[in-house]
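1. Below are the sequence and a predicted model for it; my questions follow.
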Amino acid sequence: MLFGCSPARTDTPIGRIAFGSCAKQDRPQPIWDAVIAGDPDLFLFIGDNIYADTENPAVMQAKYAQLNAMPGFQRLRRTCPILATWDDHDYGVNDGGREYPMREKSQRLFLESFNVPRNDPRWHRPGVYSAHLFGPPGNRVQIILLDTRYFRSPLVRRTVPVPAGGPYAPNPDPSATMLGPEQWTWLEQQLRQSADVRILASSTQVLGEDHTYEKWGNMPHELARLIDLIRRCRAENIVFISGDMHSAELTRLDEPGHAPLYELTSSGMNCAIGKDFHFANRRRVGPVVQTDNFAMIHIDWVAAPPRITLEIRDVNNAIQLQHVVTIDIAGVSQ
């Protein structure tokens with residue numbers, strides 16, 4: 001059964017969370033066998049779940065049908081719950097934001113494709129953001145899936161090109177937004193809920209600020225607001241997850257007086273960059289993975305103190321990147 005993105009809560013702890021992004025529906029998707037072999041309790045599809053790139057609803061619907069017809073994806077649907085958000089290509093336009101004219105219809109097709117129940121709030125409000133709680137107190141995981149498309153202000157293009165780089169420059173306008181007022185208010189409410197581990201999904205990178213492609217750093221005031229909100233809410237043990245980059249890496253932000261923040265980026269599932277091209281990232285920990293990949297997050301509740309293992313795996317389910325962090329009352333620390 002395919003679970004949609006409806007709010008969910010269970011008293012059973014979860015310890016194995018898989019996620020991925022960037023899956024082209026017109027190419028083979030052998031990686032689903034590796035995901036299933038990882039035996040996840042939950043799979044998070046965090047953007048570019050299809051490559052629609054259209055203002056034609058019939059075209060978008062047909063491309064969702066291609067994804068749902070993939071044998072491997074069908075097997076995953078029978079294996080574990082699936083929660084999803086979108087990025088630009090399944091939203092409908094490359095690097096798009098609130099200016100995309102078909103966003104309301106695109107949202108309806110997204111909700112239909114992921115079988116989101118009709119009583120879910122996303123059927124009655126703009127945006128596909130959602131939050132989910134799993135496990136009892138002491139073993140509680142909160143999954144927050146942001147929508148970085150529906151409300152996002154237009155990006156600012158660079159006036160001087162960067163060799164082998166992206167087209168975007170930081171936007172100094174303090175009124176520009178990534179999430180929009182309603183989603184920001186909602187996010188604060190979620191971060192104030194009780195949770196022992198929080199997985200916060202953004203379709204584009206949060207902590208990687210050095211490259212000139214899409215990222216939260218294109219609106220530095222919004223990135224600062226996000227980090228400040230996490231600190232003010234005392235939302236401990238957060239791990240950011242992201243996609244979009246067609247490669248995979250781990251990023252770590254160290255700030256004096258605070259536990260480190262980690263971000264695991266996984267992309268793409270069948271369209272990784274596949275060549276020796278590294279995006280700049282001064283905060284990178286470990287290697288860049290440039291083959292097709294997905295991610296696994298293991299939470300070991302039995303260890304003392306509990307541990308989170310962050311992994312990037314390839315199409316053969318081989319571990320290409322691994323990093324262990326521990327959980328304590330001060331947050332996630334090495």
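-> That came in fine, so what should we check first? It should be emphasised that the depicted structure is a prediction, and the values quoted were computed from it without experimental measurement.
2. Tell me the helix or strand right after whatever helix or strand Glu182 lives in.
-> Per DSSP states H and E, Glu182 falls inside helix 181-191. Using DSSP H and E, the next helix or strand after helix 181-191 towards the C-terminus is strand 197-201.
3. could you point out which element follows that following strand?
-> Past strand 197-201, the next helix or strand by DSSP H and E is helix 220-233.
4. Please compute how far the helix or strand that that following helix is followed by lies from its chain's middle.
-> Next in sequence after helix 220-233, counting helices and strands by DSSP H and E, comes strand 238-242. Here the centre of strand 238-242 is set off from its chain's centre by 7 Å, with Cα atoms, centre = their mean, to the nearest Å.
5. who does strand 238-242 pair up with?
-> strand 197-201 (parallel), strand 261-265 (parallel) (DSSP bridges).
6. for the next helix or strand after the last one, what is the average pLDDT?
-> For strand 261-265, the following helix or strand on the C-terminal side (DSSP H and E) is strand 284-289. On average, the pLDDT along strand 284-289 is 96.
7. Now do the next helix or strand after strand 284-289 against strand 261-265, angle only.
-> The C-terminal neighbour of strand 284-289 among helices and strands, as given by DSSP H and E, is strand 293-300. Interaxial angle, strand 293-300 versus strand 261-265 (axes from the mean of the first three to the mean of the last three Cα atoms, to 10 degrees): 140 degrees.
8. next one: the helix or strand following strand 293-300 to chain centre, how far?
-> Next along the chain after strand 293-300, taking DSSP H and E as the criterion, comes strand 307-314. Taking the mean of its C-alpha atoms, strand 307-314 sits 15 Å from the chain's own mean (Cα atoms, centre = their mean).
9. ditto for stretch 61-73
-> On Cα atoms, centre = their mean, the centre of stretch 61-73 falls 20 Å from that of its chain.
10. contacting residues around it?
-> Defining contact as Cβ atoms under 8 Å, 6 or more residues apart in numbering, one finds that stretch 61-73 is touched by 23, 25-26, 29-33, 35-36, 49-52, 54, 74, 109, 112-113. The way it works is simple: take the backbone N, C-alpha and C, and place the C-beta from them, glycine included.
11. go again using 7 Å as the cut-off
-> Outside stretch 61-73, the residues that touch it by Cβ atoms under 7 Å, 6 or more residues apart in numbering are Gln25, Asp26, Gln29, Pro30, Trp32, Asp33, Asn49, Ile50, Ala52, Leu109, Ser113.
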